[in-house]
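>>> need a structure here:
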Amino acid sequence: MTAFAPVHLHGFTQSGAAAPGRCPGCADAEKLAFGFDFAFQPIVDVGSRTLWAHEALVRGPEGEGAGWVLGQVNEANRYRFDQACRVKAIKTAAALGMDTRLSINFLPNAVYKPEVCIRTTLETARRHDFPLDRIVFEVTEGERVEDGPWLASILREYQRCGFLTAIDDFGAGYAGLTLLADFQPDIVKLDMALVRGVDASRPRQAIARGLLRICADLGITVIAEGVETPGERDFFAHEGVSLMQGYLFGRPGFRALASPAAMPWPLPARVDADVLPETRRPAAAKCA
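Next up, the predicted model:
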């Protein structure tokens, strides 16, 4: 497992004790008035026919939908909820024996100071022997961020600590091309509205190919999200996209992981090997 060397973070001492200026709410980040759990949806690599990651999707304690949970999140508990999600996702993944990457959605508007707010995540990963380079932080769906530089600073700090970073719903207009001009995440997940029916839509194909060229030029890995049909799968496979997610490969499993055995892999064809983020990026600095 990955070793976690003690490194100073702003707001904390070398021993890990809280220093002046610690974010309010850190001490009781897991104290919420409602319970929640996770379902895990696979992200597959069709080139190697393996599971690449599982995305942790919030659910109620008895499997209730995400809306049941998110409807209870407000300005007063947003920070505690975001911190509790990170902790529980890592703890659950470790308990299930997850040996793939773990993708965690986060709320950028709940981050006070990136280098301090990440502390709980680092401590949880260390406690459960979950390597940092197998954790992907992606901007959660629907979380509109008006301050692009602020979002970039959060993601940059996460990269510095050794995490992978992802922009979800790319092409939906929330982050878009303006963010890529100032900051390049490790991964972009193409918006499912662009993926839907792409094999039968010339305009979608043209837009998808354009985005794939941009990401290739910037060294960004692409995940085709929302793949539901063999036609959608085969279009992206033909275009060299190896990483895919969607109901075709598996619905979210409540407290359960997927198996590659029953996956609908494409027939052998030209699927160019994607350059995974951790192989193209220099080694990150270790965070405490």
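>>> Quick one: end-to-end length of stretch 234-245, please.
13 Å (C-alpha to C-alpha, to the nearest Å).
>>> Any idea how far that stretch is from the middle of the chain?
Distance, stretch centre to chain centre, for stretch 234-245: 19 Å (C-alpha atoms, centre = their mean, to the nearest Å).
>>> Any buried residues in it, and which?
For stretch 234-245, burial by neighbour count (16 or more other C-beta atoms under 10 Å) applies to Asp234, Phe235, Phe236, Ala237, Glu239, Val241, Ser242, Leu243, Met244, Gln245. Any C-beta I mention is one placed from the backbone N, CA and C, and that applies to glycine too.
>>> and it, what's its mean pLDDT?
Per-residue pLDDT values across stretch 234-245 average out to 97.
>>> neighbouring contacts of that stretch?
Residues from elsewhere that reach stretch 234-245 (C-beta atoms under 8 Å, 6 or more residues apart in numbering): 41-48, 52, 55, 187, 189, 195, 198-199, 205, 208-209, 212, 221-227, 233, 266, 269-274.
>>> Strands of the protein, residue ranges please.
Here the chain has its strands, by DSSP state E, at 37-45, 50-59, 101-106, 135-139, 164-170, 187-190, 221-225, 243-245, 253-254.
>>> from memory Met98 sits against Leu257, does it?
Yes - with contacts counted by C-beta atoms under 8 Å, Met98 reaches Leu257, the gap being 6.0 Å.
>>> Those two - which one has more neighbours?
A direct count of neighbours by other C-beta atoms under 10 Å for Met98 and Leu257 places Met98 higher, at 20 against 16.
>>> Could you tell me how many residues sit around Arg255?
Arg255 has 13 nearby residues by other C-beta under 10 Å.
>>> That one touches Leu96, doesn't it?
Yes - using C-beta under 8 Å, Arg255 makes contact with Leu96 at a distance of 7.2 Å.
>>> ok, back up a step: now a PyMOL select for only the buried ones of the contacts of stretch 234-245.
This is how PyMOL selects the buried members of these, with burial counted by 16+ other C-beta under 10 Å:
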select buried, resi 41+42+43+44+45+46+47+52+55+187+189+195+198+199+208+212+221+222+223+224+225+226+227+233+266+271+274
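>>> any low-confidence regions in the protein?
By pLDDT under 70, the low-scoring segments of the chain are 1-30, 140-147, 172-176, 269-288.
>>> which stretches of it form helices?
For the chain, helices defined by DSSP state H occupy the ranges 66-70, 78-95, 114-117, 119-127, 148-161, 176-182, 192-195, 202-218, 230-238, 277-280.
>>> I'd like the strands of the chain as JSON lines, with distance to Trp68 appended.
Listed next are the strands of the chain as JSON lines, based on distance: least, C-beta to C-beta, whole Å:
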{"stretch": "strand 37-45", "distance to Trp68": "11"}
{"stretch": "strand 50-59", "distance to Trp68": "8"}
{"stretch": "strand 101-106", "distance to Trp68": "16"}
{"stretch": "strand 135-139", "distance to Trp68": "22"}
{"stretch": "strand 164-170", "distance to Trp68": "21"}
{"stretch": "strand 187-190", "distance to Trp68": "24"}
{"stretch": "strand 221-225", "distance to Trp68": "23"}
{"stretch": "strand 243-245", "distance to Trp68": "23"}
{"stretch": "strand 253-254", "distance to Trp68": "13"}
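>>> what's the closest of these to Thr124?
Between Thr124 and the strands of the chain, the tightest spacing by C-beta to C-beta is seen for strand 135-139, at 9.9 Å.
>>> in its sheet, what does that closest one sit against?
According to DSSP bridges, strand 135-139 forms sheet pairs with strand 101-106 (parallel), strand 164-170 (parallel).
>>> which of the ones you listed sits most buried?
Of all these, strand 164-170 carries the top mean neighbour count, a mean of 25, counting by mean count of other C-beta atoms under 10 Å.
>>> one step back: can you put the strands paired with strand 135-139 in a markdown table and add distance to Lys31?
Shown next, in a markdown table, are the strands paired with strand 135-139 (distance: least, C-beta to C-beta, whole Å):
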| stretch | distance to Lys31 |
| --- | --- |
| strand 101-106 | 19 |
| strand 164-170 | 28 |
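>>> And these: which comes nearest Ala216?
Nearest to Ala216 among those is strand 164-170 (14.0 Å), distances taken as C-beta to C-beta.
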